[in-house]
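Asker: got a structure for you, letters missing:
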């Protein structure tokens, strides 16, 4: 499995870039949206984004339990997009959940899915398959989208500063776990890892 992390500012083109790259991969695709339709403007935004995806995309709306959802999807799709981590983080914070714990769970899922995919036991299991039997395989590509929120001024309130700090920590850890990292600005992707 290859993890591609796509980061950029609001309306930078990061989601469009991830969708374009993921759409090149053959097979069924899953789009995990973390935003919730809490008002009319957000409902319209979500509907517009759904229309941008072709029929080979299944959409899952998961505002909080993305680690569990990611584990459930691993054998059913060739590619999965999680969009986006910063909305997920704000959902955790606003619901009073333990952000450090939830981030740790997500990072462990990323590590474990890769370990299972690449493990010698899995390779041995594949060699024991009957002729013509396809091995169970997790998705070959995972795209994770997030906002870069640390390039502006220091927020004036405690909650906003905590969000900025947690988002920076989360982005660093996901970038460390990723095979590729792209920074998207003004619709232009720049590969930084």
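Answerer: Okay, I see it. Not measured: the values here are computed from a predicted model.
Asker: all contacts plus neighbour counts: C-alpha atoms, from now on.
Answerer: OK.
Asker: Please name the bridge partners of residue 80.
Answerer: As for beta bridges, residue 80 partners with residue 30, residue 142 under DSSP bridges.
Asker: OK, contacts around it?
Answerer: By C-alpha atoms under 8 Å, 6 or more residues apart in numbering, the contact set of residue 80 is 22, 29-32, 139, 141-143.
Asker: Centre of the chain to stretch 73-88, how far?
Answerer: 5 Å (C-alpha atoms, centre = their mean, to the nearest Å).
Asker: Stretch 59-74 now?
Answerer: 10 Å.
Asker: Okay, helices next: where are they in the protein?
Answerer: 14-23, 40-52, 66-73, 85-94, 99-118, 120-127, 158-177 (DSSP state H).
Asker: Nearest to residue 187, out of those helices?
Answerer: helix 14-23 (7.1 Å; C-alpha to C-alpha).
Asker: mind showing which ranges of the chain have poor pLDDT?
Answerer: 113-139 (pLDDT under 70).
Asker: Go again with 90.
Answerer: Applying pLDDT under 90 to the chain picks out residues 1, 27-28, 35-56, 68, 70-76, 109-140, 150-155.
Asker: ok, back up a step: and residue 183, which of the helices of the chain is closest to it?
Answerer: Here helix 14-23 is closest among those (C-alpha to C-alpha), at 7.8 Å.
Asker: what packs against that closest one?
Answerer: On a contact count with 3 or more C-alpha pairs under 8 Å, 6 or more residues apart in numbering; DSSP states H and E, helix 14-23 meets strand 2-8, strand 79-83, strand 141-147, strand 180-185.
Asker: Let's have those strands in a markdown table, adding distance to residue 59.
Answerer: Output for the helices and strands packed on helix 14-23, formatted as a markdown table (distance: least, C-alpha to C-alpha, whole Å):
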| stretch | distance to residue 59 |
| --- | --- |
| strand 2-8 | 19 |
| strand 79-83 | 10 |
| strand 141-147 | 14 |
| strand 180-185 | 23 |
